[in-house]
Structure formats: C-alpha cells, structure tokens
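*Asks:* Structure of the sequence below:
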Amino acid sequence: MLGQYGVVYFGNDWYAENRTSSHHVAIRLAATMPVLYVDSPGMRAPQASGRDVRRAFRKIREALRTPRRVDDNLWHCTVPQLPFRRIPGVSLFNRLFGQWALRRAMRVLGARQRISWFVTPHPGFLAKRLGEAFCVYYCIDDYAAHPGVDAEVIAASDLALTRKADMVFVAPPSLLAAKRALNANTHFSPHGVDAKMFAQASEAATVIPAAGRDLPHPVVGYFGSIHEWIDVELIAWLAHARPQWTFLLVGYAAIKVPELAALPNVVLAGAQPYASLPAWAKAFDAAIIPYRRNRQVENANPLKLREYLATGKPIVAVGNAEIARFASVVRIAEGREDFLAGLEQVLADGPEQGAAERMAAVADQTWDRRVEDVLSEVATSIAAADMTFADRRVSE
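*Replies:* Numbers count the residues shown, from 1 in each chain. Below you'll find the model as predicted:
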C-alpha cells in the first residue's frame, strides 16, 4: 500500500551522542520506503559552549551539501533555521527558506508521493507546505517541558502540529487523552526496543569494556545522557550512603557533575557507541532510572526502561505513568530512602532472579514490530482518506 510513497522525516540530530526513537523509527521506515531524514534544529537557543559552536558550524557546512546517502533507502540533509523565533520576520524567513531547501532536497525521493513525518514540533510550520499527500506527527515527549526551551513557542508549535497532522502517534500514555481531544486520529504508540541486541548483556561471549571490568561489586549502573532531568543529587547521596558500591554511569554529561566526579566510587564512562551498551550493561548488578519528579518526567516514555528490561538486569526507578505499566518487573521507588532500600533488595536477590520475566516483558515490543504496526495504521488511514475523497468526487 505504501510502496508508492517516500517520507520526509523531521528528526533529532542524526549525529547526536545518543540514539533516540527518532533514529530507530527512521531506519526501519527506510526498510519499506525511501526516507529523507531532515535534521531539525534544537529546541533551545544555541549557547556559546564549544559543543554548540561546533554543532552550528557542522550544520551550516552540511546545509550547503546535497542530501547524503547513509543507507540504501535513507538520505540525510540539514535545513538550518534561525533560532530567534520571536524576532519579527524570522518565522517567515524560516518557512520560505525551509520550503525552498526541502523541495530541492526531496528530489532524492523521485516522483513518489510524499509523507511528511514530524518527530519534533518546531519544524511543524512546514507541515502541508511541501506538497505532501499525508502528514504524521509522532509525538514522543512533552517538548515544552524540556529545560532551556522557549516553552510558549514550543507549546504553540506542538498544538498547531497536533491539529494540522492527518495522523498523530503518542508515545507517553499521559499525553494521549489531551492529543486525542485535539485530533481524533490519534493513536498510542509506545517506544520499542532492540531486544536481540540488548539481550547480549546476558551472553557469555559478550566482553565488558575495559573501563567497566574489575570494578568493585556490586555495580549500580546507568546508561543514557545525563541532563537536567536526571537527579544527580540522588546518585551522589546513594554513592555517599554506600561507599562500598560502584556507580557506573555511561553516557554524555550535558550538565556539569562535579559532585559525582569527586566521588571515588562513581565511574563516569562518558558517551559510548550505542551498540556497545549491552556490553557495558553486562557489568551492572542493577540498573537505575534516577529521574527528578517534574512535568517532563511525568510525561516521559524512557527508552532505557525497555533497554534495561531487555538486558534482564534488575531495575530501580523513579516512577511515572509509563514505568508504572511495568511495575511487576521494575522496583519503583518513592524518595531517596525507598530508592536505597529498593537497590538493597534487588542486589540481595541477585541479578538472575526475575531476569527471564524482565526480558519476556519486552520480547514482543521490538522496534521492527512497533514500526510495522504504525505503518499499518498509516496505510489504513490513507486508504480511508482516499475513499472519502473519491466519494466526495462522485457526489459532486
């Protein structure tokens, strides 16, 4: 049904330190139809940091190139936008420049009909302006709750795109009702997981990276970026409370964490290749999701939840609506003392107890299956729209 379509996909930075659902979905869409992956600009204004400056120069350089082929059916391009969206004229410039640049880039899709697919809301002003036949909004977060963004502008973009899209998918269960009230064609689509890859954490042949070997056990592990929504103070408190434990944190630190770096039983491994995460997880005796309790977390659907489960490792987490759906296989903590008690309990039980149940909880929730289900719903919706259009033509 969708073989005659190509997708213009507005996703997160293709070169970001961590792999998000944006990347997982795009790669699997490209197994079915041609995909032009468009790097969306960040939601927050760029800072003067070396990382942001390097990123800005890279995006400018890439914007001058034609789309780059990254796989048989997948191309990548960058269409930069001026970030100062409140200045008069900036929005008009971004829209006109974006339309021109994208129409040129979309030539790689050939003569196919196009589907626009938005994973972030702020490029949504281009929706229905690219000659596309269908528009999908795949909402994976409460974007306006992210730290450092212009909440008013991002919330307005999210609202407008939700209403304009032909179809909306929502990953966080807490956002489903509000989205469905704005767009009747809204469907729940939680994240998937590469279950086979993360199961390598339990395989004898998997080799733990050098920096994760020979650490004093028990090892309490975390992988993922360390951002404002991670409760760094909680991790430091746990590390102080249990100096005989090792806390192994694998991921890019987007914030300064001097309180962690100063502790002898905390290992900051930094950003690591996505494919290496199961090997790092093999070193864990338990995994943690140490979120702060805020609006962003309440409406989050954490990728690491399913990835941890697929490793089989026991998990202690600060809860939200999505994590609560896995309460039978995740120890959900209320407060610091309860978090520590949860870790003590799962460590006393040992990593093997309940491992099979945890892995089974996500065994059928692969990214392949998730995207297959999404595409089936998109195809059904397009067919229904085509029938409605044909009936209207006949009646006229």
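*Asks:* what's near enough to touch E152?
*Replies:* A144 (C-beta atoms under 8 Å, 6 or more residues apart in numbering). Every C-beta, even on glycine, is put in place using the N, C-alpha and C of the backbone.
*Asks:* typo on my end, A279
*Replies:* A279 neighbours (C-beta under 8 Å, 6+ apart): Q200, A201, T206, V207, I208, P209, G212.
*Asks:* sec struct for it, please.
*Replies:* helix (DSSP: H, G, I helix; E, B strand; the rest coil).
*Asks:* Low-confidence bits of the chain, can you list those?
*Replies:* 1, 41-65, 81-90, 387-396 (pLDDT under 70).
*Asks:* Where do the strands of it begin and end?
*Replies:* 5-11, 35-39, 68-71, 74-78, 113-118, 134-139, 167-170, 186-188, 219-223, 246-250, 266-270, 286-289, 315-318, 331-333 (DSSP state E).
*Asks:* can I get those in TSV with distance to L309 and mean neighbour count?
*Replies:* Below are the strands of the chain laid out as TSV (distance: least, C-beta to C-beta, whole Å; neighbours: other C-beta atoms under 10 Å):
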stretch	distance to L309	mean neighbour count
strand 5-11	25	25
strand 35-39	28	26
strand 68-71	28	13
strand 74-78	28	22
strand 113-118	27	23
strand 134-139	22	24
strand 167-170	21	25
strand 186-188	19	17
strand 219-223	13	24
strand 246-250	17	23
strand 266-270	21	17
strand 286-289	9	27
strand 315-318	7	24
strand 331-333	12	20
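*Asks:* okay if I get those as JSON lines plus distance to E352?
*Replies:* Below are those laid out as JSON lines (distance: least, C-beta to C-beta, whole Å):
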{"stretch": "strand 5-11", "distance to E352": "38"}
{"stretch": "strand 35-39", "distance to E352": "40"}
{"stretch": "strand 68-71", "distance to E352": "38"}
{"stretch": "strand 74-78", "distance to E352": "39"}
{"stretch": "strand 113-118", "distance to E352": "41"}
{"stretch": "strand 134-139", "distance to E352": "37"}
{"stretch": "strand 167-170", "distance to E352": "36"}
{"stretch": "strand 186-188", "distance to E352": "33"}
{"stretch": "strand 219-223", "distance to E352": "15"}
{"stretch": "strand 246-250", "distance to E352": "19"}
{"stretch": "strand 266-270", "distance to E352": "23"}
{"stretch": "strand 286-289", "distance to E352": "12"}
{"stretch": "strand 315-318", "distance to E352": "14"}
{"stretch": "strand 331-333", "distance to E352": "16"}
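*Asks:* Out of these, the one nearest D158 is which?
*Replies:* strand 134-139 (7.4 Å; C-beta to C-beta).
*Asks:* now what about that closest one, what contacts it?
*Replies:* Residues contacting strand 134-139 (C-beta under 8 Å, 6+ apart): 5, 21, 25, 115-119, 121, 124, 127-128, 158, 161-162, 164-172, 175, 179, 189, 374, 378, 381-382, 385.
*Asks:* hmm, try it at 7 Å
*Replies:* 25, 115-119, 127-128, 161-162, 164-171, 175, 179, 378, 382 (C-beta atoms under 7 Å, 6 or more residues apart in numbering).
*Asks:* Leaving out chain neighbours, which residue sits closest to I332?
*Replies:* Taking C-beta to C-beta, 6 or more residues apart in numbering, and ignoring the residues beside it in sequence, I332 has G319 as its nearest neighbour in space, at 4.0 Å.
*Asks:* Would you report the backbone torsion angles of the one you found?
*Replies:* For G319, the backbone dihedrals (degrees, to the nearest 10) come out as phi -90, psi 160.
*Asks:* how far away is it from A355?
*Replies:* 21 Å (C-beta to C-beta, to the nearest Å).
*Asks:* Also A310?
*Replies:* Taking C-beta to C-beta, one finds A310 at 11 Å from A355.
*Asks:* These two - which one has more neighbours?
*Replies:* A310 (27 against 18; other C-beta atoms under 10 Å).
*Asks:* So that one is in contact with S202, correct?
*Replies:* No: applying C-beta atoms under 7 Å, one finds A310 not in contact with S202, separated by 9.4 Å.
*Asks:* On the strand side of things, show who the nearest residue to R69 once chain neighbours are set aside bridges to.
*Replies:* Nearest residue to R69 in three dimensions, chain neighbours excluded: W75, at 5.4 Å (C-beta to C-beta, 6+ apart). Here W75 sits in beta bridges with L36, R69, going by DSSP bridges.
*Asks:* which ones are touching W75?
*Replies:* Counted by C-beta under 7 Å, 6+ apart, W75 has contacts L36, Y37, P67, R68, R69, V108.
*Asks:* how near is the second one to N320?
*Replies:* Spatial separation of Y37 from N320 under the definition C-beta to C-beta is 29 Å.
*Asks:* circling back to that earlier point, distance of the residue nearest to R69 from A30?
*Replies:* From W75 to A30 the distance is 9 Å (C-beta to C-beta).
*Asks:* ok, now D194?
*Replies:* Relative to A30, and taking C-beta to C-beta, D194 is found at 16 Å.
*Asks:* With A327 instead?
*Replies:* For A327, the distance to A30 - C-beta to C-beta - is 35 Å.
*Asks:* now swap in A239 and tell me
*Replies:* Taken as C-beta to C-beta, the span from A239 to A30 is 42 Å.
*Asks:* same question, R180
*Replies:* 29 Å.
*Asks:* Have a look at those two and say which one is more surrounded.
*Replies:* A30 (20 against 16).
*Asks:* Would you mind splitting the protein into its domains for me?
*Replies:* 5-191+366-395, 195-361 (automatic domain parsing).
*Asks:* end to end, how far does the shortest one reach?
*Replies:* To tie it back to what came earlier, the one meant is domain 195-361. Length of domain 195-361, first residue to last, C-alpha to C-alpha, to the nearest Å: 10 Å.
*Asks:* check contacts around the residue nearest to H187 when sequence neighbours are not counted.
*Replies:* Nearest residue to H187, sequence neighbours excluded (C-beta to C-beta, 6+ apart): F169, at 5.4 Å. Neighbouring residues of F169 by C-beta under 7 Å, 6+ apart: Y138, C139, H187, S189, V374.
*Asks:* give me the beta-bridge partners of F169?
*Replies:* Y138, H187.
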